[in-house]
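Trainee: Any chance you can model this:
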Amino acid sequence: MAVSSSEEQKKQNCFILGASGETGKELLLEILKQQKFSRVTLIGRRKLHFEGTLYSNVAQEVVDFEKLDESAAAFQGHDVGFCCLGTSRAKAGADGFVRVDRDYVEHAAKLAKAGGCHHFILESSKGADSSSSFLYLKTKGEVENRIKALEFDRFSIFRPAVLLCDRQESRPVEWVTRKVLGVAAHFFPTYMTIPTTTVARAMANIAVMPAKDGQKVEVLENAAIHALGQSK
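Mentor: Residues are numbered from 1 along each chain as shown. From the prediction side, this is the model:
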């Protein structure tokens, strides 16, 4: 029988990849507020700085993703792994985008599996498809398939649509697009967009819920993420 009591869940440890990103920041906050895990470790290329006592017990592991095997110990002893790691083609170029969003994620997942992680939760994208002619969707589909092949006890794939958030980076075109889609979201709330806060809450929630029908691999499309993210 699946363990569902809060006391048992608090005995679990988790790590977050990509905690500096928009979804990752919200995910960390959600996990800490709900006290879902006894230990939370951030794994990233640099140390993050937080204010407030809420973050006082967050552990951090700084790694070089180009030499990730040297940091295998950082992936030891976690029950659940959250991955919000990613970049953009505009920022990293086509090759850099693939290296981060596919290769880094796959390598981290392999180390997590070897380190005892049994539930891997991945933020992917709506339309992810390894056979797509679009680099972004093709890469997201490829990394999904590669992690499936690792055969975690449970693998949860989140495929959100356009993420609504207030980015710190200045991206004028993206800002206008999000404003327009924000208006459209009033009429089609679960189709084209989703707030990063909703995605984060859904990812945190699924980590402490038993798998539906004992599924080893589950794919949550945008509407399902909306529904799961509405509950505390």
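Trainee: Going by C-alpha atoms from here, please, whenever you check contacts or count neighbours.
Mentor: Fine.
Trainee: in this protein, which spans are helices?
Mentor: 6-9, 22-34, 89-98, 105-114, 135-148, 172-184, 196-207, 222-229 (DSSP state H).
Trainee: Deepest-packed of those helices, please.
Mentor: helix 196-207 (a mean of 23; mean count of other CA atoms under 10 Å).
Trainee: picking that back up, among the helices of the chain, which gets the worst mean confidence?
Mentor: Among the helices of the chain, helix 6-9 has the lowest mean pLDDT, at a mean of 48.
Trainee: Was I right to think residue 38 contacts residue 12?
Mentor: Yes. In this structure residue 38 lies within contact range of residue 12 using CA atoms under 8 Å: 5.9 Å.
Trainee: Contacts only, for residue 144.
Mentor: 124, 157 (CA atoms under 8 Å, 6 or more residues apart in numbering).
Trainee: State the distance from it to residue 192.
Mentor: Distance of residue 144 to residue 192, computed by CA to CA, to the nearest Å: 21 Å.
Trainee: go on, residue 229?
Mentor: Distance from residue 229 to residue 192, by CA to CA: 16 Å.
Trainee: Leaving out the residues flanking it, which one is nearest to residue 47?
Mentor: residue 62 (6.2 Å; CA to CA, 6 or more residues apart in numbering).
Trainee: May I have the beta-bridge partners of residue 17?
Mentor: residue 43, residue 83 (DSSP bridges).
Trainee: pretty sure it is in contact with residue 43, am I right?
Mentor: Yes. Assessed by CA under 8 Å, residue 17 is found in contact with residue 43 at 5.4 Å.
Trainee: The two: who's more crowded?
Mentor: residue 43 (24 against 21; other CA atoms under 10 Å).
Trainee: thought that one was touching residue 72?
Mentor: No. Using CA under 8 Å, residue 43 makes no contact with residue 72, being 11.0 Å away.
Trainee: All set, thanks.
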